[in-house]
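Asker: Here is the input, now give the coordinates:
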Amino acid sequence: QQFTIDHADDVKQNQYRKEDKDKILPAMIQLFLGESQKSTPSWKLMKLIMETLKILTREMKGLDEMFSEKLIQGVMNLLNEDPESEETVKTVEQAYAVLVNMFIVDRLKMNKIAGDHVDAKLLQRRIEGHLKRNQVRGQYYLARLLFYLALVEPMVKTFLKEKKGSLYMTLASALIERMKPDLVTDEEAKNKMNRLVCAEFLRTIFNLSYGKGHPDFQDHLDDETLIQLQRTFSSILAMGTPEDPFGDRAAEAAFEAEAAAILAVADKPESNNEEREMQLVEDPEIAADIKTRLEEGKKLAEERKSREEKKNRKITKEDEREWDDALKRVEKGKSKKGAKAPEQEKQQPRPLDDLHALKTHIVNLLIVPGAAKLLPKGWDVQAMHGLCQVLDVQAKIDPRNPSDHLMPILTVLIKACKASSDARAHVKRYIFKQDAEKETSLAPQNSKNMEPPPYVNLRTMKTDQGEWDLRSILTKHVCSFNMGLKQCTSELIFICCSEDSSEYIRLCGFGSAAGLLADKGLPGFEKLSERAVSLDELAAEARKRKKGGGS
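Answerer: Numbering: from 1, shown residues only. Below you'll find the predicted structure:
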């Protein structure tokens, strides 16, 4: 026992050599097998053995030979122990973790043995038992184990055999209970552990519901649980978001205060002096704003006139020379056959916090068919803002290749925006900020621009300050070669524009918007895809004509 204690401390502090570890692990396995055969094993020793095995088997390769069926069954038998004493509780917790490591090392062997030796109903009861006793760590390790067991088909059949008592219902109830407001404390460590447990619950529900032939999880939940789960999801998405994200409440309060001041003066008998009332109404800031907007409108009109003049002028020989030079630069920039393309600067993804990870697990679950009842309500400003923040973070993890990160949140936002006009308005304002509102008559309409506004940088996808810009990233991927990403991105923006083609063109530019509009066959775009021209073919024809003319 002292040997185990000494080596457990060495393992925790990483004070051992690889050759020592290769000797310690088999010794620990033999020690465990011997102790587990005793009628009254020492739970203090068993806890230390399990703790050591958990650390030694973490992310290690080549261990499958050591994981005999006898060892796996022995660890699984520990799950049948009733976790009453502190030593027993800790031992069972560590046994959960060791089994998770075993699944990672050799899933095929574990799948075969788990289906025959794990009591699925006992594990469901354990979730409720850990919750009642507030054993958060036990819930966490058990949830991780259930994540892998949810991929074992015989286990799934047992888990989902009865609707009322299915694992879906157990996990949903535990998730609701774990995220109750009174469990959210000022201690960040406790909140972090709560979020980690809930994330594992969500991953397990996703595994169960995404399997082929498995029933939809909402079909196993009663109406009351569905309502509570939807509220729980919304409260989690709202965490960390401002109560008034766009300042609407503050602006409304300021307007009401100004109106009340005007009415208070107007209601007084002695305030019939119109000149005095006008002084109250006239706001120098409003006057300055109107003047600025008129100047901007004049500037835009001049720019539009200049563009029209450039567009209508005849092509000169100088233009043809510039075109030839451009073709040469394109050819020069193409990599030679067999040569390695220059490596682009790779952006290191920033680490994501546990709250964002929890929100992404909710997003992953919301894409499951039939999860529409669990979507946040469009009028729930903070929950919708939470979804938009997930979009923002996911888009900036790897902006040049964001497909894996972006597709789930884009799918969920499309569902939410189709279901609610409030959701459409919120997402549109988040992405396009001040440009979300249609232009007024003070400035000329800019809906026929070939490109989005100049501050949307499609080349770098960054702001002038060098930070990733969500609008630029999404507008860039409206023309992505990844058809799935292109379709989801353009569809979301089009729905946010209430499927108004003019508004869509205004925000994205004609060049970016044309693809979706042609696919949908909208008036004026029906034959656009048929008339599309390949730039490579166009360049080849130009070279051919030039070569023929020279000869």
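
Asker: helices or strands next to the one helix or strand residue 358 maps to in the packing?
Answerer: Assessed by DSSP states H and E, residue 358 sits inside helix 354-366. Secondary-structure packing of helix 354-366 (3 or more Cβ pairs under 8 Å, 6 or more residues apart in numbering; DSSP states H and E): helix 188-210, helix 223-238, helix 381-397, helix 403-419. Backbone N, C-alpha and C define where each C-beta goes, glycine included.

Asker: Which of the ones you listed has the highest mean neighbour count?
Answerer: Stretch with highest mean neighbour count among the helices and strands packed on helix 354-366: helix 381-397 (a mean of 22; mean count of other Cβ atoms under 10 Å).

Asker: Can I get that helix in CSV, CA atoms only?
Answerer: Provided in CSV are the C-alpha atoms of helix 381-397 (Å, rounded to 0.1, in the frame of the first residue of the first chain):
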residue,chain,number,x,y,z
VAL,A,381,-32.9,39.2,-27.0
GLN,A,382,-30.2,37.8,-24.7
ALA,A,383,-30.6,34.2,-25.9
MET,A,384,-30.5,35.3,-29.6
HIS,A,385,-27.5,37.5,-28.8
GLY,A,386,-25.8,34.4,-27.3
LEU,A,387,-26.3,32.5,-30.6
CYS,A,388,-24.9,35.5,-32.5
GLN,A,389,-21.8,35.5,-30.2
VAL,A,390,-21.3,31.8,-30.9
LEU,A,391,-21.4,32.6,-34.6
ASP,A,392,-18.9,35.4,-34.1
VAL,A,393,-16.4,33.2,-32.2
GLN,A,394,-16.8,30.1,-34.4
ALA,A,395,-16.3,32.2,-37.6
LYS,A,396,-13.0,33.6,-36.2
ILE,A,397,-11.4,30.3,-35.1
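
Asker: what angle sits between it and helix 354-366?
Answerer: If you take axes from the mean of the first three to the mean of the last three Cα atoms, to 10 degrees, helix 381-397 sits at 100 degrees to helix 354-366.

Asker: returning to what we had before: between the helices and strands packed on helix 354-366, which gets nearest to residue 464?
Answerer: Ranking those by proximity to residue 464 (Cβ to Cβ) places helix 381-397 first, at 16.6 Å.

Asker: Off-centre distance for that closest one?
Answerer: 7 Å (Cα atoms, centre = their mean, to the nearest Å).

Asker: nearest to residue 130, of the helices and strands packed on helix 354-366?
Answerer: Nearest to residue 130, of the helices and strands packed on helix 354-366 and by Cβ to Cβ, is helix 188-210 at 9.3 Å.

Asker: what's that closest one packed up against?
Answerer: Secondary-structure packing of helix 188-210 (3+ Cβ pairs under 8 Å, 6+ apart): helix 136-149, helix 167-178, helix 354-366.

Asker: and of those helices, who's closest to residue 412?
Answerer: Judged by Cβ to Cβ, the one of the helices and strands packed on helix 188-210 that comes nearest to residue 412 is helix 354-366, at 4.7 Å.

Asker: what about the closest residue to residue 428 other than its chain neighbours, neighbour count?
Answerer: Spatial nearest neighbour of residue 428, excluding adjacent residues (Cβ to Cβ, 6 or more residues apart in numbering): residue 496 at 4.0 Å. Using other Cβ atoms under 10 Å, residue 496 has 26 other residues around it.
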